[in-house]
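Trainee: test case, fold it:
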Amino acid sequence: MSEKVYSAEDIEKNKVISAIAYAIFFLPLVVDKDSEFGKFHANQGLILLIVSLIGNAILTISIVGLLLVPVLNIAVLILFVMGVVNAINGQAKELPIIGKFTLIK
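Mentor: Okay, here's the model as predicted:
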């Protein structure tokens with residue numbers, strides 16, 4: 001996991017909005033579109049949403065997959081909490097496994 005560095009002013013101004021990005025990924029892009037810290041967490045939130053949606057869709061195809069849906073959802077919940085905690089603490093750490101992808105630049 002790597003951590004990116006952003007200005008203290010950007011972090012302080014956008015901590016809460018960045019934490020909410022894990023539930024509503026586009027919020028930092030609407031509230032302060034120039035915030036690099038907000039964009040980072042919006043990207044992490046979007047990737048987490050995509051993993052959750054695609055993972056649940058794929059796993060619900062078979063009966064064996066249905067047994068794995070709770071495991072996926074617990075993993076997504078853990079990543080969600082990690083992202084929120086990082087944002088509130090003013091950190092820009094990538095989420096494990098999925099965080100290295102960038103969709104929002």
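Trainee: how about low-confidence regions in this structure?
Mentor: Confidence mapping of the chain against pLDDT under 70 gives the ranges 1-2.
Trainee: select the longest helix from it.
Mentor: Longest helix of the chain, by residue count under DSSP state H: helix 63-88.
Trainee: list the buried residues in that helix.
Mentor: 72, 75-76, 79-80, 82-84, 86-87 (16 or more other CB atoms under 10 Å). The way it works is simple: take the backbone N, C-alpha and C, and place the C-beta from them, glycine included.
Trainee: contacts only, for G65.
Mentor: By CB atoms under 8 Å, 6 or more residues apart in numbering, the contact set of G65 is 58-59.
Trainee: do L95 as well
Mentor: The contact partners of L95, taken as CB under 8 Å, 6+ apart, are 1, 44, 47-48, 79, 82-83.
Trainee: make JSON lines out of these and add distance to Q91.
Mentor: Below are these laid out as JSON lines (distance: CB to CB, whole Å):
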{"residue": "M1", "distance to Q91": "10"}
{"residue": "Q44", "distance to Q91": "11"}
{"residue": "I47", "distance to Q91": "17"}
{"residue": "L48", "distance to Q91": "16"}
{"residue": "L79", "distance to Q91": "14"}
{"residue": "M82", "distance to Q91": "10"}
{"residue": "G83", "distance to Q91": "10"}
